[in-house]
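# Return a 3D structure for these sequence lines:
(2 chains)
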Amino acid sequence: MLASTFPSYPLEQVALDELLGVIRAERALWAPHTGADGHCRLQPMGEGSLPRVAITAFLPLKKLLLPPREEIWSFRSGEYCTAQVPQAFAVVGVPLCDLQAVWYLDQAFADDLPYQARRAQALLVGMACVPGPECRCDGLSMPLAGDLFVDQERVWALSPAGQALLRACGCQVSQEMPLSWPVAVTGKRHALTQKQFFSTTEAAIWTDEAKRCLSCGACSAVCPTCYCFDMLDAAALDGSVTRHRIWDNCFFAEHGKVAGDYDFRPGRANRLRFRMEHKRFGFGALRGQNSCVGCGRCRKVCPVDIDLDQIAERLDGEGGS
Amino acid sequence: MNHALLPIPAVIDTIDRSVINNHIFTLRPEQSIELVPGQFVEISIPGVGSFPVSPCDLVREGLISSCIRRTGRVTEALYYLEEGDLIGMRGPFGNGFPLSMFTGQDALLIAGGLGMAPMRALLKALLDNGQTGRIILLYGSRQPETLLFRDELVSLAGHSRVDVRFSVDFAEILPGPCGDVLCRIGLVTELLADLDFNPRKTVSAVCGPPALYRCVLEELALMGLPPAKIFATLERRMRCGIGECCHCVAGGRYICKDGPVFSLEALRGMAEAI
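Modelled structure (predicted):
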């Protein structure tokens, strides 16, 4: 749902420490934490009070919802066994753009049992953020997932679970209000139509950008809505086997290969275009939904400064030619 | 929601080793899996990996047969297994051939190489239901020795409704007419040249390596077959089979879920599909 308003409570009604206590009693708690190396990571949160500001962690929530290496099944004594359901956990201090990304993953993995099992165990608490120069979020571009959102003045219940938590902490009278999306976002995402994109498949920009692109895949790895995966088996000495789902990457040379080594996306230009097609227009049932939430991670991480919005701008210019 | 990524145990029932490196593995999954020709299953070899494969026969008494080429790491491992060994299988995945479209029509089936395997399942379905008019099968292979299901196809050629023609890329000695079956040296598309058929009353299915699609699909359209009645089944390295992992995507569509069978009409709008 692209609900514009949610039940909201003034902060003075909400005892945040009590709320944190209720969450902590039932769940392992995760939060973004900036380490001595200057990088922000999602990591288990120790003692202490609720953070009040969201930070864009280097790796987004997919690190927990679609882990880099996740057991899918094991094979023991001739039987295939499902992986154990993970324990309940909560993530606090999530920026709104990342909650949009979770909505997108929820759609992409709607029929995926391991994902949904993990997702059902997650309580997500969004916080107001301080937008950086890379930020290009847009509250209207996509619905969002999550349970609670906290800014400097109010708390919103985004889900029935969030509502129940607030009620448990004594909050009674709510008011339907829009979320406070960051207002200081300066960067604008370039709108590009499918028609423009597909009429420029031969455009020189693809080969230009591909000359710089290192195919390192960092942009996909940090992207909150990139979800390519592969399967990998690990055999143990006792004869049991565990199949893992591991992150894959559409920039990697093997991604479009089929038996007999035929490759449907042989060059970096093909692969760059493939990724941009996914980001801008989605695949399968999500076709037509822009999946970029504007978090800016890809621009920050790219070692050669490739920016999909700049590509969009150039394609727009070349569209007619 | 079922766990579509979890295989069910399957026992290797028989292995037909008639054609080198193209053995036919018949598997018995613990629970039966229903498949339409053109749909596929993922076969898992625990500890090695999995691969997608389309059966080469209709499912009979719970048995699923696939002609599996020894071509990669996982299929290589399969060739070390024996009858009675336990592996895994999940599926069915994909859409399969639109069998109802062949009713009351003639069928022009074109297969190249290992593409004959899924084509054989379609051929059997069409013969079984008896609703299709004439069936023409054009089948190209590398050499006479690598023709799959050769004896069976030769004996089918005696069938009044079926017209079978082979082509091979090379042959030291031209096998000559194999029974009633014409065999030529050349490309499978060359068999189309002197073929007498009614394009307005024909539905076509094509299955083969990527190179085959690029030359044959549009040629069929030029011969007068409507693009909505020309079908191809695409090959990709599908990891999941359920439209998630993104390896098989072309033209924004998951080939494992929306396909793998597409009409030429659909393929024309799918960049990098063929």
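# Write down the beta-bridge partners of residue A:90, one by one.
Judged by DSSP bridges, the bridge partners of residue A:90 are residue A:29, residue A:123.
# Okay, domains of the chain per the record?
With no chain named, the answer covers chain A. According to automatic domain parsing, chain A comprises the domains A:5-178, A:194-318.
# right idea, wrong chain: chain B
Using automatic domain parsing, the domain parsing of chain B gives B:8-93, B:99-267.
# Would you tell me which residues of the stretch 151-300 of chain A are close to chain B?
Residues of the stretch 151-300 of chain A lying close to chain B (C-beta under 8 Å from any C-beta of the partner chain) are A:198, A:201, A:227-233, A:235, A:241, A:243, A:245, A:248, A:250, A:255-260, A:262, A:264-265, A:270, A:274, A:277-278, A:281-285, A:287. Placement of C-beta: from N, CA and C, glycine included.
# Centre-most residue in chain B?
residue B:118 (2.2 Å; C-alpha atoms, centre = their mean).
# Sheet partners, orientation included, of the lowest-mean-pLDDT helix or strand in chain B?
When each helix and strand of chain B is scored by mean pLDDT, DSSP states H and E, strand B:182-185 comes last, with a mean of 82. In the sheet, strand B:182-185 lines up against strand B:162-168 (parallel) (DSSP bridges).
# okay, the partner strand in PDB with CA atoms only?
Presented in PDB, the C-alpha positions along strand B:162-168 are these (Å, rounded to 0.1, in the frame of the first residue of the first chain):
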ATOM      1  CA  VAL B 162       4.200 -38.500 -39.300                       C
ATOM      2  CA  ASP B 163       6.900 -37.200 -41.600                       C
ATOM      3  CA  VAL B 164      10.500 -37.400 -40.200                       C
ATOM      4  CA  ARG B 165      13.500 -35.800 -41.800                       C
ATOM      5  CA  PHE B 166      17.100 -35.700 -40.500                       C
ATOM      6  CA  SER B 167      20.000 -33.500 -41.300                       C
ATOM      7  CA  VAL B 168      23.600 -33.900 -40.100                       C
END
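# does the spatially most central residue of chain A sit in a helix, a strand or a coil?
By C-alpha atoms, centre = their mean, chain A has its centre lying nearest to residue A:224, at 2.5 Å. Three-state call for residue A:224 (DSSP: H, G, I helix; E, B strand; the rest coil): coil.
# That one and chain B: what is the separation?
15 Å (C-beta to the nearest C-beta, to the nearest Å).
# Please name the residues that touch that residue.
Residue A:224 makes contact with A:60, A:61, A:62, A:97, A:98, A:101, A:102, A:104, A:105, A:293, A:295, A:297 under the criterion C-beta atoms under 8 Å, 6 or more residues apart in numbering or on different chains.
# Kindly reformat those as JSON lines and extend each row with neighbour count and distance to residue A:132.
Shown next, in JSON lines, are the contacts of residue A:224 (neighbours: other C-beta atoms under 10 Å in any protein chain shown; distance: C-beta to C-beta, whole Å):
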{"residue": "A:60", "neighbour count": "26", "distance to residue A:132": "15"}
{"residue": "A:61", "neighbour count": "23", "distance to residue A:132": "18"}
{"residue": "A:62", "neighbour count": "22", "distance to residue A:132": "20"}
{"residue": "A:97", "neighbour count": "31", "distance to residue A:132": "11"}
{"residue": "A:98", "neighbour count": "30", "distance to residue A:132": "14"}
{"residue": "A:101", "neighbour count": "28", "distance to residue A:132": "17"}
{"residue": "A:102", "neighbour count": "25", "distance to residue A:132": "20"}
{"residue": "A:104", "neighbour count": "23", "distance to residue A:132": "21"}
{"residue": "A:105", "neighbour count": "23", "distance to residue A:132": "23"}
{"residue": "A:293", "neighbour count": "29", "distance to residue A:132": "14"}
{"residue": "A:295", "neighbour count": "27", "distance to residue A:132": "10"}
{"residue": "A:297", "neighbour count": "23", "distance to residue A:132": "11"}
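# and the spatially closest residue to residue A:141 that is not a sequence neighbour, how far is that from chain B?
Spatial nearest neighbour of residue A:141, excluding adjacent residues (C-beta to C-beta, 6 or more residues apart in numbering or on different chains): residue A:290 at 6.0 Å. Distance from residue A:290 to chain B, counting by C-beta to the nearest C-beta: 13 Å.
# Surely residue A:290 is in a helix?
No. Counting by three-state DSSP, one finds residue A:290 to be coil, located in no helix.
# which residues of the stretch 151-274 of chain B fall in strands?
Applying DSSP state E, counting those that start in this stretch to the stretch 151-274 of chain B gives strands spanning B:162-168, B:182-185, B:202-207, B:230-233, B:249-250, B:253-254, B:261-263.
# can you tell which of these is closest to residue A:184?
If you check each of the strands of the stretch 151-274 of chain B against residue A:184 by C-beta to C-beta, strand B:249-250 wins as the nearest, at 36.3 Å.
# Is that closest one in proximity to chain A?
Yes. Counting by C-beta under 8 Å from any C-beta, chain A is contacted by strand B:249-250 at B:249, B:250.
# who's in contact with that strand?
By C-beta under 8 Å, 6+ apart, strand B:249-250 touches A:264, A:274, A:278, A:283, A:284, B:234, B:236, B:255, B:270, B:271, B:272, B:273.
# Direction included, what does it pair against?
Using DSSP bridges, the strands paired with strand B:249-250 are strand B:253-254 (antiparallel).
# roughly how far is the strand it pairs with from the heart of the chain?
Distance, stretch centre to chain centre, for strand B:253-254: 20 Å (C-alpha atoms, centre = their mean, to the nearest Å).
# mind listing what residue B:212 touches?
With contacts defined as C-beta under 8 Å, 6+ apart, residue B:212 is in contact with B:110, B:112, B:115, B:140, B:188, B:189, B:206.
# quick one: which of those residues is nearest residue A:206?
Among the contacts of residue B:212, residue B:206 lies closest to residue A:206 (C-beta to C-beta), at 29.9 Å.
# neighbours around residue 94, how many?
Just so you know, I chose chain A. Residue neighbour count, defined by other C-beta atoms under 10 Å in any protein chain shown, stands at 29 for residue A:94.
# look at chain B instead
Count around residue B:94 with other C-beta under 10 Å applied: 26.
# Quick check: end-to-end length of stretch A:45-64?
14 Å (C-alpha to C-alpha, to the nearest Å).
# and that stretch, what's its mean pLDDT?
Mean per-residue pLDDT for stretch A:45-64: 90.
# quick one, helices of the chain?
You didn't say which chain, so I picked chain A. Counting by DSSP state H, residue ranges of the helices within chain A are A:16-26, A:62-65, A:96-108, A:113-120, A:160-168, A:194-198, A:204-212, A:218-222, A:268-281, A:297-301, A:308-318.
# nope, chain B please
Using DSSP H, helices in chain B cover B:73-78, B:116-129, B:150-156, B:210-222, B:264-267.
# export those helices to TSV and tack on mean pLDDT and distance to residue A:16?
What follows is the helices of chain B, written out as TSV (pLDDT from 0 to 100; distance: least, C-beta to C-beta, whole Å):
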stretch	mean pLDDT	distance to residue A:16
helix B:73-78	95	53
helix B:116-129	95	60
helix B:150-156	88	74
helix B:210-222	91	59
helix B:264-267	96	54
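# Columns distance to residue A:184 on top of these, output as a markdown table?
Converted to a markdown table, those look like this (distance: least, C-beta to C-beta, whole Å):
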| stretch | distance to residue A:184 |
| --- | --- |
| helix B:73-78 | 52 |
| helix B:116-129 | 57 |
| helix B:150-156 | 71 |
| helix B:210-222 | 50 |
| helix B:264-267 | 45 |
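# Determine which stretch of those helices is the most buried.
Of all those, helix B:116-129 carries the top mean neighbour count, a mean of 22, counting by mean count of other C-beta atoms under 10 Å in any protein chain shown.
# That one - contacts with which helices or strands?
Helix B:116-129 is packed against strand B:64-69, strand B:106-112, strand B:135-141, strand B:202-207, with contacts defined by 3 or more C-beta pairs under 8 Å, 6 or more residues apart in numbering or on different chains; DSSP states H and E.
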